[in-house]
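> okay, predicted coordinates and the sequence, questions at the end:
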Amino acid sequence: MKPDEIDAMVPRWQEAGLSSSLIATLELGKRVSRLNQLFEQAIKADLAELGLTYAEFDVLAALLRAPSCRMRPSELAKSLFLTSGGISNVLQRLSAAGYVEREADEGDARSRWVRLTGEGRRMAEAALETTAGAYHDVSAGVPEEAVRQAADALREILTHLSRRRYR
């Protein structure tokens, strides 16, 4: 197996007296972070050509997946790990672009729905196609079996970590 940039850090961690299990966890975290950077760089560049930020794409994709292509802002924020202020800013930009519209919730006067417009649906579908291409380009040359094994292993780790509560 060919060494990567993370492997260069391991001797320093060993010299610092870190346990092998902690070193493995650090390697995992660093590699996950690096993979995320590679995917996000490719995706952000492609989304910029469509005039979207990554957060705007995330909201459009979430709405496209939702029943009736609508969600409450609080649901969007929670599902996308955004703050209420962050989701508000993104929704303002998407609304100004004509991709989403807000509508009253007939069952709760204090709440509103956010819904994709027809143009928003078209943009969400175009952005999904674009990001799929970016993922494909970044992972080109990696054996499908290796990707599958890594995805399954990360699912198992994430399942265990998701059960914990952190401060």
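That came through, no problem.

> going forward, measure contacts and count neighbours with C-alpha atoms only.
Noted.

> so Ala134 makes contact with Lys44?
No. Under the criterion of CA atoms under 8 Å, Ala134 lies out of contact with Lys44, with a separation of 9.2 Å.

> more crowded one of the two?
Of the pair Ala134 and Lys44, Ala134 is the one with more neighbours under other CA atoms under 10 Å, namely 22 against 18.

> roughly how far out does the longest helix along the chain sit from the chain middle?
Looking only at the chain and at elements set by DSSP state H, the helix with the highest residue count is helix 20-49. Using CA atoms, centre = their mean, to the nearest Å, the mean C-alpha position of helix 20-49 is found 11 Å from that of the whole chain.

> tell me which strands and helices it is in contact with?
When contacts are defined as 3 or more CA pairs under 8 Å, 6 or more residues apart in numbering; DSSP states H and E, helix 20-49 packs onto helix 10-15, helix 54-65, helix 118-139.

> buried ones in it?
By neighbour count with 16 or more other CA atoms under 10 Å, helix 20-49 contains the buried residues 23, 26-27, 31, 39-40, 42-47.

> do stretch 110-123 as well
Within stretch 110-123, the residues that qualify as buried are 112-117, 120-121, 123, counting by 16+ other CA under 10 Å.
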